[in-house]
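K.L.:
only geometry, no sequence info:
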């Protein structure tokens, strides 16, 4: 590449990176402001007759599992005529827009509860429950988080030492958001020519087959996340070179069952669908969404950002790993904090190859993979 071309490529990559970083920081601030405002409003409603009992009733069976705030309000205010019901609906719409999702769709604001081990949500009178909100920034650097009481007062809780009493938490249903967001990203990749349709092999006898790499087992290392965070929502970005074109091939895969670190999971889930990856080689990178991701920004990073980071290239085998590096370069630095945590990378996985307890490049994940051929 000529020096002028190299300069333009680097300048374009820097421009995309700076723009995406600024947008991600704005998204994170907007999302945190919305959840904080909602937590204050929920705390204020706790003082109203019947609302606290509606919340605890909705959470009674599984307090750690989030319940949509819209469902709670439907029980408390079936006609939706209160100012609070209208405000929560508007905040949900704004939240979806801030996350790069259509304004109409699943409600994302939810309420869940922290209950000490061996305790009960009933250990505190319902009308005296505090409502906590997750702080912004890197969760590994959290020291405190704020909780609001029904009188509107704020209290600081230790982010690392769980309180000895039940606390409500207002946050985002990241499972719903990730599922919808990854569908949006995959559709965008297909529309931009960076994700191909499944390439099914047809034999001489007319039978069809499709080669997969199956995720048989995975374990994430203990990341010592704060007590207030809910289950992890992990997704994978599979990448490589397109067949017949000097362009990346990328796809996202949701791993909705992967809730906890330091735990073995055996999903038997397809991870790589082969046929569209030149040299029969692909990378798999794991990310965790803690709620602040804007999926339109993610799509821009995986399209414009990756293209800018790669520049013009010859489609050689070594470029396969470079694409994974370009994905990391394209991610704004804030995406390696709480909004989207980078977990690990597995480079140059081979079609038809099995892997037992393969450790990722960042030494944070360990996987066992098996080759599988599906036949018609």
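P.N.:
Noted; the coordinates are in hand. Worth saying up front: this structure is predicted, and the values here are computed from it rather than measured.
K.L.:
which residues in the stretch 101-250 of the chain form helices?
P.N.:
Residue ranges of the helices in the stretch 101-250 of the chain, as given by DSSP state H, counting those that start in this stretch, are 174-191.
K.L.:
Below-threshold pLDDT in it: ranges please.
P.N.:
201-204, 206, 222-224 (pLDDT under 70).
K.L.:
hey, where'd the strands end up in it?
P.N.:
Applying DSSP state E, counting those that start in this stretch to the stretch 101-250 of the chain gives strands spanning 109-114, 131-133, 144-148, 154-158, 167-172, 201-202, 208-220, 234-241, 248-255.
K.L.:
Which of those strands sits closest to residue 32?
P.N.:
Proximity to residue 32, assessed across these by C-beta to C-beta, is greatest for strand 131-133 (7.9 Å). In short, each C-beta sits where N, CA and C put it, glycine included.
K.L.:
would you list the strands of the stretch 101-250 of the chain in CSV and tack on mean neighbour count?
P.N.:
Output for the strands of the stretch 101-250 of the chain, formatted as CSV (neighbours: other C-beta atoms under 10 Å):
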stretch, mean neighbour count
strand 109-114, 23
strand 131-133, 24
strand 144-148, 19
strand 154-158, 14
strand 167-172, 25
strand 201-202, 12
strand 208-220, 19
strand 234-241, 25
strand 248-255, 22
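K.L.:
among those, which is nearest residue 273?
P.N.:
strand 208-220 (5.8 Å).
K.L.:
List the neighbouring strands of that closest one plus their orientation.
P.N.:
strand 201-202 (antiparallel), strand 264-265 (antiparallel), strand 269-273 (antiparallel), strand 365-375 (antiparallel) (DSSP bridges).
K.L.:
quick one on the thing from earlier: is it possible to export the strands of the stretch 101-250 of the chain to JSON lines including distance to residue 362?
P.N.:
Below are those laid out as JSON lines (distance: least, C-beta to C-beta, whole Å):
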{"stretch": "strand 109-114", "distance to residue 362": "29"}
{"stretch": "strand 131-133", "distance to residue 362": "30"}
{"stretch": "strand 144-148", "distance to residue 362": "27"}
{"stretch": "strand 154-158", "distance to residue 362": "28"}
{"stretch": "strand 167-172", "distance to residue 362": "26"}
{"stretch": "strand 201-202", "distance to residue 362": "34"}
{"stretch": "strand 208-220", "distance to residue 362": "11"}
{"stretch": "strand 234-241", "distance to residue 362": "14"}
{"stretch": "strand 248-255", "distance to residue 362": "17"}
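K.L.:
Between the ones you listed, which one is closest to residue 346.
P.N.:
strand 234-241 (9.2 Å).
K.L.:
Direction included, what does that closest one pair up with?
P.N.:
Applying DSSP bridges to the sheet, strand 234-241 is found paired with strand 248-255 (antiparallel), strand 281-289 (antiparallel).
K.L.:
will you turn these into CSV that also has distance to residue 227?
P.N.:
Below are the strands paired with strand 234-241 laid out as CSV (distance: least, C-beta to C-beta, whole Å):
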stretch, distance to residue 227
strand 248-255, 23
strand 281-289, 17
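K.L.:
Ok, which of these comes nearest residue 37?
P.N.:
Residue 37 lies closest to strand 281-289 among the strands paired with strand 234-241, at 21.5 Å (C-beta to C-beta).
K.L.:
how big is the angle separating that closest one from strand 167-172?
P.N.:
Here the directions of strand 281-289 and strand 167-172 differ by 130 degrees (axes from the mean of the first three to the mean of the last three C-alpha atoms, to 10 degrees).
K.L.:
and the next element down the chain from strand 281-289?
P.N.:
Counting by DSSP states H and E, the next helix or strand C-terminal to strand 281-289 is helix 295-300.
K.L.:
Tell me how far the residue of the chain positioned farthest from its centre lies from residue 375.
P.N.:
Here the centre of the chain is the reference, and by C-alpha atoms, centre = their mean the most remote residue is residue 205, at 43.3 Å. In this view, residue 205 and residue 375 are 11 Å apart by C-beta to C-beta, to the nearest Å.
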